[in-house]
Every structure is written in C-alpha cells, then in structure tokens.
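1. Provided below for reference: sequence and predicted model.
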Number of protein chains: 2
Amino acid sequence: MTTTDAWEDLLAADRSLLDRTSTAERVSDVLRQRIIEGALAPGTRLSEESAGRALAVSRNTLREAFRLLVHERLLVHEFHRGVFVRVLTAEDVVDLYRIRRLLETSAVRRATDAPRELVVAVGDAVSRGEQAATGSRWWDVGTANMLFHQALAALAGSPRVDETMRQLLAELRLAFHVMSRPREFHEPYLELNRAIADLIDAGAMEDAAARLDDYFDEAERQLVDAYRAYGT
Amino acid sequence: MTTTDAWEDLLAADRSLLDRTSTAERVSDVLRQRIIEGALAPGTRLSEESAGRALAVSRNTLREAFRLLVHERLLVHEFHRGVFVRVLTAEDVVDLYRIRRLLETSAVRRATDAPRELVVAVGDAVSRGEQAATGSRWWDVGTANMLFHQALAALAGSPRVDETMRQLLAELRLAFHVMSRPREFHEPYLELNRAIADLIDAGAMEDAAARLDDYFDEAERQLVDAYRAYGT
DNA sequence: GATAATGAATTGTTGAACAATTCTGCAATA
DNA sequence: TATTGCAGAATTGTTCAACAATTCATTATC
C-alpha cells in the first residue's frame, strides 16, 4: 500500500488550491492591497466599527485580519487606541535597506550556478521597467524595479527568501508614498539595473554584487533625503 | 518647547515596558515558550476548546493568539481542522539554513567596523557554550550555539535582522526536537565557533565568513541526515 | 491659558449561538 | 477482508451582544 506513487506528490502540490481561505484572510488581502497601492495612506486610523461596517464582517473577524497585517508590519497596533496604517520613519527605511542589502548581495554573489530561468527573470524585470519608462508610467517603473530586486533575491532559490522579500518590498511601498517625484526617484536606476542584469547573465557575480552594493548606497541616501524633507 | 531633550528619548525607550500587552499576546508568549522548549511536540493538535479551558481564555482570544503563532510559523493552521504544532520537513530545514547562510555570512563579511560590543558578544556566546559543554548540559550547548549565530547576525546592526534571526532560530528548535543525540550534534561545533569568533575579533572578516560557509555545509548535511532517518 | 473633571466613544474580552465542515463509527457491499 | 456510504457527533468559522477598561473630547474651574 505504501508504494511510492508518483501521482500522490502530484496531487499534494495542488492541495493549496483546494484550501478555501478564511474570511479574515480575504479581508486582510483586501486591506493589504489598498495599503500597498496607497488608497489607505500611512497614518490612517482603521476603526473596527467603520471598517467592519464597510466590509460587512464582524469585529472579531476584522480583528483577526488586523493581527495578520500588524504582523506583516503594514499596520501598527496601539493598545486601546486602535490600528493605523504604518508610518515609516527614516530609521525604518534605513533598516529596510540594510537587510535587503544583506539578502540581495549575498544571493547574487552565490548565484554562480542558479537555474537559467531565474537569471532570465532578472532580465525580464529590467525590460518591463524600461517599457514602463518609455510610456512614462513612473509608478509602474517603481513596481518593475521591485520585481527586479525580487528576482535578484530569488536567485537564492529559497521560498523563504522569496517570502521575506515580498514582505520587505510591500513595506517599502509605504515609504514610496511620501515621494512626490516618482520619476526622479525611479528613472535613474533603469540603466544600473540593466548593467547588473547583464553582469549576472555573463556570470560575473562578484562584479554584479559590487554594483548592487553601490546601488544601495545611492538609493538609500536619496530616499532618506526625500524622507527627511518631510520631517520625521 | 521642541528643544531636543535627551530624557525624551530615554523615556521613549521605556515606553514598550509600559504598554500592557493584550491577553492574546500573553497567551501566544506562553504557547511559544512551550513549543520552543518541546513541551508541545511537533504535530500536536491544539484544540480551541481544551486549550481555551486550560488557559482560561475565550475562544476568540485564543484564536488571536493562534494567528500570531501561525504567522511565526510555529503553528500551522488547517481550515476547519484546527492548528497543529508545525512539523518541519527536511526541505524546510534546508531552506532555513539557506536564508541563515545568506544573512549570517553577509553580516560577518561587512562587519569590518562593527561596534566593539557586538564583537564581544560573539565571543561571549562561544564561551557560554564551552561552559555548558564542560557541564555536559547539551541542550544548553545548543542554546548557546544559537546565541552565537544570533550574535553573528547582530553584527549587521539591524533590528530587523535581529528579529528575523530570532524567528528563524525559534523555528529551528522544532527541528532539534527530532534529534535524539544532542551531544553528537552540538559538541563538534564548539571548536569551529571559537575559531570563527577569533577571526572576527582579529578583523579577518572574509576568512570568518568562509569558515562560516563551511559550517553551514556541514551542519545542514548532518541535520538533514538525522532528519531523513526518521522518515518523511 | 493651563489644568482637572466629566461623559462619550472606542477598544479588549467574554460567552453564546448557529452554520459549515470534518471526524467517527457502523452498516452495507463487493 | 477491504472499501464505500451514511448518519450523528465533534470541531471550527463567523456573527452578535454585552460589559469592562481605556482613551478621547468637552466643559468647567482656577
């Protein structure tokens, strides 16, 4: 009976599709999307009563959804005061770049024998950004830039790293919303991204990692400057 | 009025102590502790009814606590079936080591001008392990080993990295519980840890990172072997 | 104008209720 | 014997209502 049936593993892979999600999860999906796209601005307070009424779910379910997003650091929870869309400080942004730097440069450096498809994905992300820039869709350029960095981290071939990056980049969206000039911020990196992608494609991982390091210096400095201009 | 009063920052640091935690958080603290120390073995099902009765909290509050721990990956939640203490697969363990490798080696490599106190903490963690070994307290040796790696990651000087590492190491505890020979697993690394700590202390970060890389190869192989021995 | 007191509004937590789903045990069948 | 089908029990998912604890807003007081 316990013969290693190949089809078992096949079906097991589809299992996640069967798992219906709970209402709390769907609610948190909605809120996450709204936060990421900026419809819910940082600092906004989400009262249980009004949010629950708007989404037509009970307070308990809503609170479950809130907990989820608090854990993802998209909301902050103040005891007896409620939940708010997180407002990133300059220090938060610096720290975000710190861990991204560790993960991404390390992933690139050891990508010498990464699967071809992962390398291709890096180049694709850059292309998407270039096309968006051609059409002057600067928010999309920013999105493509994130996909680029997601693709860099994905070179590690680790589901866990992928998940962590997704979360880090979602948080970074919170910072981008305070940027008034998306073009000036995102456009200059297109060229550098292309250069990094080419180096990776050529297998020059150390060089690519070094360039990436420079990128982090520059991007962090620029974002923090823009940030401080708005006061803490 | 807005003079930069030093005591403001001082008090702000104590603020977290003032914030009373919610019952759900305290409940999750208790459960987390029990899971980490192995009192709640991987695979154990935590029914809402019995857990709620045991801890004397309502189902709603308990569910909030469960959500927290599910997000920390210490529990898994199956729709309409309940929550279980997570059972790590060999693949999970491999992935844990993958992201740890990225973070720790990268942190060590760029620790050339890390604050002295962080470097000292690395050596201290090794010492603690050596003392525990002298007393044959092998579980404590494992704990000290984790503190050592936590200290390595802390060289990055990033609260975010610290938090991530805490979580990763907590998860790894789940794996250690299937190890029947803690001594054979933890003891051999004491010497290597000391060597790495010395290299860091001497400022030879690249060498330390290289040694650390070797450690990951070895430790991962050994743990996965022990893991496969138990099936799954 | 600052401070204190008071009432209103919001969150924290509980308990009960019912719907939806899974689990269990037993019978029926091949 | 092993598998399938089915009904009832048990558990989780979700909502609602209530009250306690705390914060917020307003007014009164000095």
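-> Everything's here; your move.

2. any residue of the longest helix that chain A contains up close to chain B?
-> The residue-count maximum for a helix in chain A (DSSP state H) belongs to helix A:205-228. No: among the residues of helix A:205-228, none lie within reach of chain B under C-beta under 8 Å from any C-beta of the partner chain; the closest is 9.1 Å away. Using the backbone N, CA and C atoms, a C-beta is placed for each residue, glycine as well.

3. Which elements pack onto that helix?
-> The contact analysis (3 or more C-beta pairs under 8 Å, 6 or more residues apart in numbering or on different chains; DSSP states H and E) places helix A:205-228 against helix A:90-109, helix A:182-186, helix A:189-201.

4. how much space between A:Leu174 and DNA strand C?
-> Separation of A:Leu174 from DNA strand C (C-beta to the nearest atom of the strand, to the nearest Å) stands at 20 Å.

5. Enumerate the residues of chain A near DNA strand C.
-> Residues of chain A lying close to DNA strand C (C-beta under 7 Å from any atom of the strand) are A:20, A:45, A:47-49, A:59-60, A:63, A:77, A:79-82.

6. Keep only those of those that are in helices.
-> Of the positions in the residues of chain A next to DNA strand C, A:48-49, A:59-60, A:63 sit in helices, assigned by DSSP H.

7. With respect to chain B, which of those is nearest?
-> A:Asn60 (5.3 Å; C-beta to the nearest C-beta).

8. how is chain A carved up into domains?
-> A:6-85, A:90-229 (automatic domain parsing).

9. which of these sits most buried?
-> Per-stretch averages of neighbours, counted by mean count of other C-beta atoms under 10 Å in any protein chain shown, single out domain A:90-229 among the domains of chain A, with a mean of 18.

10. for the record, mean pLDDT for that one?
-> Taken as a whole, domain A:90-229 has a mean pLDDT of 92.

11. Quick check: the gap between the residue nearest the centre of chain A and B:Ala111.
-> For chain A, A:Leu169 is the residue whose C-alpha lies nearest the centre (C-alpha atoms, centre = their mean; 2.2 Å). Distance, A:Leu169 to B:Ala111, using C-beta to C-beta, to the nearest Å: 26 Å.

12. Same check on A:Thr105?
-> 14 Å.

13. what does A:Ala219 give?
-> A:Ala219 is 22 Å from B:Ala111, by C-beta to C-beta.

14. same question, A:Ser136
-> As defined by C-beta to C-beta, A:Ser136 lies at a distance of 43 Å from B:Ala111.

15. Show me which residues of chain A sit near chain B.
-> Residues of chain A lying near chain B (C-beta under 8 Å from any C-beta): A:19-22, A:24, A:60, A:63-64, A:67-68, A:71-72, A:79, A:95-96, A:98-99, A:101-103, A:105-107, A:110, A:156-161, A:164.

16. Filtering these by proximity to DNA strand D, which remain?
-> Here is what survives when the residues of chain A next to chain B are matched to DNA strand D using C-beta under 7 Å from any atom of the strand: A:22, A:24, A:60, A:79.

17. May I see those organised as CSV, with pLDDT and distance to B:Ala39 added?
-> Shown next, in CSV, are those (pLDDT from 0 to 100; distance: C-beta to C-beta, whole Å):
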residue, pLDDT, distance to B:Ala39
A:Ser22, 86, 28
A:Ala24, 88, 28
A:Asn60, 89, 29
A:Phe79, 90, 29
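
18. what's across from A:Val85 in the sheet?
-> Counting by DSSP bridges, A:Val85 forms beta bridges with A:Leu75.

19. for it, what are its contacts?
-> Neighbour list for A:Val85: A:35, A:40-44, A:46, A:74-75, A:174 [criterion: C-beta atoms under 8 Å, 6 or more residues apart in numbering or on different chains].

20. What is the most widely separated pair among these?
-> A:Leu46 and A:Leu174 (14.5 Å; C-beta to C-beta).

21. what does chain A have sitting close to DNA strand D?
-> Residues of chain A found near DNA strand D, taking C-beta under 7 Å from any atom of the strand as the criterion, are A:1, A:22-24, A:56-61, A:79-81.

22. from those residues, which is closest to A:Gly142?
-> A:Ala24 (29.7 Å).

23. thought that closest one was touching A:Arg59?
-> No: using C-beta atoms under 8 Å, A:Ala24 makes no contact with A:Arg59, being 11.6 Å away.

24. A:Arg183 is in contact with A:Gly142, correct?
-> No: contact criterion C-beta under 8 Å: A:Gly142 and A:Arg183 do not qualify, at 9.6 Å.

25. Serialize the ones next to DNA strand D among the residues of chain A next to chain B to JSON lines and add fields for distance to B:Val126.
-> Shown next, in JSON lines, are those (distance: C-beta to C-beta, whole Å):
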{"residue": "A:Ser22", "distance to B:Val126": "45"}
{"residue": "A:Ala24", "distance to B:Val126": "44"}
{"residue": "A:Asn60", "distance to B:Val126": "48"}
{"residue": "A:Phe79", "distance to B:Val126": "39"}
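
26. ok, those residues vs DNA strand C, which is closest?
-> Nearest to DNA strand C, judged by C-beta to the nearest atom of the strand, of those is A:Phe79 at 4.9 Å.

27. and the gap between the closest one and A:Thr143?
-> A:Phe79 is 35 Å from A:Thr143, by C-beta to C-beta.

28. that older thread, taking the ones next to DNA strand D among the residues of chain A next to chain B, tell me the two that lie furthest apart.
-> Pairwise distances across these peak at 25.0 Å for A:Ser22 and A:Phe79 (criterion: C-beta to C-beta).

29. in what helix or strand does the closest residue to A:Val93 other than its chain neighbours lie?
-> Once flanking residues are discounted, A:Val93 sits nearest to A:Ala175: 5.2 Å by C-beta to C-beta, 6 or more residues apart in numbering or on different chains. If you go by DSSP states H and E, A:Ala175 is part of helix A:159-176.

30. Mind giving me the packing neighbours of that helix?
-> Using 3+ C-beta pairs under 8 Å, 6+ apart, helix A:159-176 sits against helix A:23-36, helix A:90-109, helix A:138-154, helix B:90-109.

31. right, so of those, which gets closest to B:Ile200?
-> Closest among the helices and strands packed on helix A:159-176, using C-beta to C-beta: helix B:90-109, at 6.6 Å.
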